[in-house]
Each structure stands twice: as C-alpha cells, then as structure tokens.
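Q: any chance you could fold what I've pasted below:
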Amino acid sequence: MNISHRFVVIAAIFVTCLITANVIAVKVISVGSVILPAAIIIFPISYIFGDILTEVYGYRLTRRVIWLGFLCNLIFVAFAWLGQLLPPAPLWEGQSAYEVILGYTPRLLAASFCGYLVGEFANSFVLARMKILTKGRWLWTRTIGSTVVGQGLDSSIFITLAFVGTPAFMPILILYHWLAKTAIEALATPFTYAVVNFLKGKDAVDTYDYQTNFNPFAISD
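A: Here you go, the predicted model:
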C-alpha cells in the first residue's frame, strides 16, 4: 500500500493530540460535581483518529502509528525532564511553575504509558475485528464499540496504577473518565463518518484485516 500525504496528516494529528493531552492533563477541571483532567477535551480525539486510521488503512499501519505516538511521548517527557534539570537563569522566575506543569512523577508516567498502549491497541483490534464481522457496515457500531473497550481499559489502568493506595484514588473516577470519553466519541460520529468517507474516496483504500497478525509487538509485519 502506498502511504499518502493524507495518512501522514492523520497520523500527525493523532500524535499531536497525545502530546497535548500530556501537557494539559495537570489541570483539573470541574464539570458540575464531577472532577476531571483538562486532557478530557483532547485525549478522546486521539481515539477518533485512531479509529479513522484502523478503519481506512488497517491495523498494521495503525500499529506503527501507535508505537510512533509512544516514542514521541517518550521523547517529549525525556526532554521536559532534562529541561527541568538545567540550571535556571537568575532572571527567570518560572522554575517552580515549570516543575509543577512538566515535572511528571515516574508513577504517573508509567500509568499513562501503560494505559495508552493497552487502550489504543485494544481499540484498534476491536474495530478491525468488528469490521470483518459486520462486513464493513454500521461504522458507528465499530467506532463506539471499540472506544467502550479501549477507553475503559485505558481509564481503569491509568487511574488504578496512578492513584491506588493514595487518598486521591476513587474507583468512581474510572466511571467518570470512561463515560466522558465515550460520550465525546459518540458525539463525533458524524465527523468520523465524513473523514472516513473522504479518505476512502481520495486514497481508494478500504482495508480489511483478514490475514493480519494482531500481535502489537510485530511492528515489522
């Protein structure tokens, strides 16, 4: 399959959403009585574009983009940490703010990376398998169904690993995260349909993963 510039654009948006979510996740917002991270407004968008990648280009290429997103996140975090260690100039007064915003703890990073990998691969796998089962019909069932699984795993893993054993751990947070992310995906269904149809028409591709090796580590397949 020839990779078009449109595939590159979708992959770039996917990775950008992930890195942006990392930055703004430190802010906590209140939606009524529900407390959520500010990343709730953009992280689900990465799942939307992950759905688009899998639906149009298949699991094999999406697997590479998921690992690319992981690598880009790792590079960002590593250099954010290095920037924190560099001695601040005497005239610069933002060191403490920098540490608050970009001073990720190892536990939070591990929780975030584990949740991301498990959630994204589960999302892509479920969508690819459902596409075969539905014979390409009812796209909305695949995008929402895969999100229910992927976002459920992501939220459960992240919140449990990040906060279990601390006063901040509340199992109800998993439900709040899961429902909010799934709702955003559902609301974006018309947008997903429009982008999927556009890409399938322009790139003349509609991949079905009949013979695909779904091992997430088989990046050379």
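Q: make sure Ile35 is indeed in a helix.
A: No - counting by DSSP: H, G, I helix; E, B strand; the rest coil, Ile35 is not part of a helix but strand.
Q: in space, what's closest to Ser4 - neighbours in sequence excluded?
A: Spatial nearest neighbour of Ser4, excluding adjacent residues (CB to CB, 6 or more residues apart in numbering): Asp203 at 5.0 Å. C-beta: built from backbone N, CA, C; applies to glycine.
Q: what distance do you get for the one you found to Arg6?
A: As judged by CB to CB, to the nearest Å, Asp203 and Arg6 stand 6 Å apart.
Q: just Leu179 next, same as before
A: For Leu179, the distance to Arg6 - CB to CB - is 32 Å.
Q: same check, this time on Ala128
A: Taking CB to CB, one finds Ala128 at 20 Å from Arg6.
Q: looking at the two, which is more packed in?
A: Using other CB atoms under 10 Å as the criterion, Ala128 and Arg6 rank with Ala128 on top: 23 against 16.
Q: can you find the helix or strand in the chain with the smallest mean pLDDT?
A: Every helix and strand of the chain was ranked by mean pLDDT, DSSP states H and E. The lowest is strand 34-37, at a mean of 78.
Q: show me the contacts for the residue most central in space within the chain.
A: Centrality entry for the chain: nearest residue to the mean C-alpha point is Ser46, 4.4 Å, by CA atoms, centre = their mean. Contacts for Ser46 (CB atoms under 8 Å, 6 or more residues apart in numbering) come out as Phe14, Cys17, Leu18, Ala21, Gly69, Glu120.
Q: sitting in helices, which of the residues you listed do you find?
A: Phe14, Cys17, Leu18, Ala21, Gly69, Glu120 (DSSP state H).
Q: let's see if you can find the most crowded of these.
A: Of the ones in helices among the contacts of Ser46, with other CB under 10 Å as the count, Glu120 tops at 28 neighbours.
Q: you'd agree that residue is up against Asp51?
A: No - using CB atoms under 8 Å as the test, Glu120 is too far from Asp51 to be in contact (10.5 Å).
Q: re the thing from before, just give me the closest of the contacts of Ser46 to Glu99.
A: Distance to Glu99 across these (CB to CB) is lowest for Ala21, with 19.6 Å.
Q: what sits against that closest one?
A: Counting by CB under 8 Å, 6+ apart, the residues that Ala21 touches are Ala39, Ile42, Phe43, Ser46.
Q: before we move on, what about Trp178?
A: Gln151, Gly152, Ser155, Ser156.
Q: can you do 7 Å?
A: Gln151, Gly152, Ser155 (CB atoms under 7 Å, 6 or more residues apart in numbering).
Q: returning to what we had before: with pLDDT added, can I get the contacts of Ser46 in TSV?
A: As requested, the contacts of Ser46 are arranged in TSV below (pLDDT from 0 to 100):
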residue	pLDDT
Phe14	96
Cys17	93
Leu18	90
Ala21	87
Gly69	94
Glu120	95
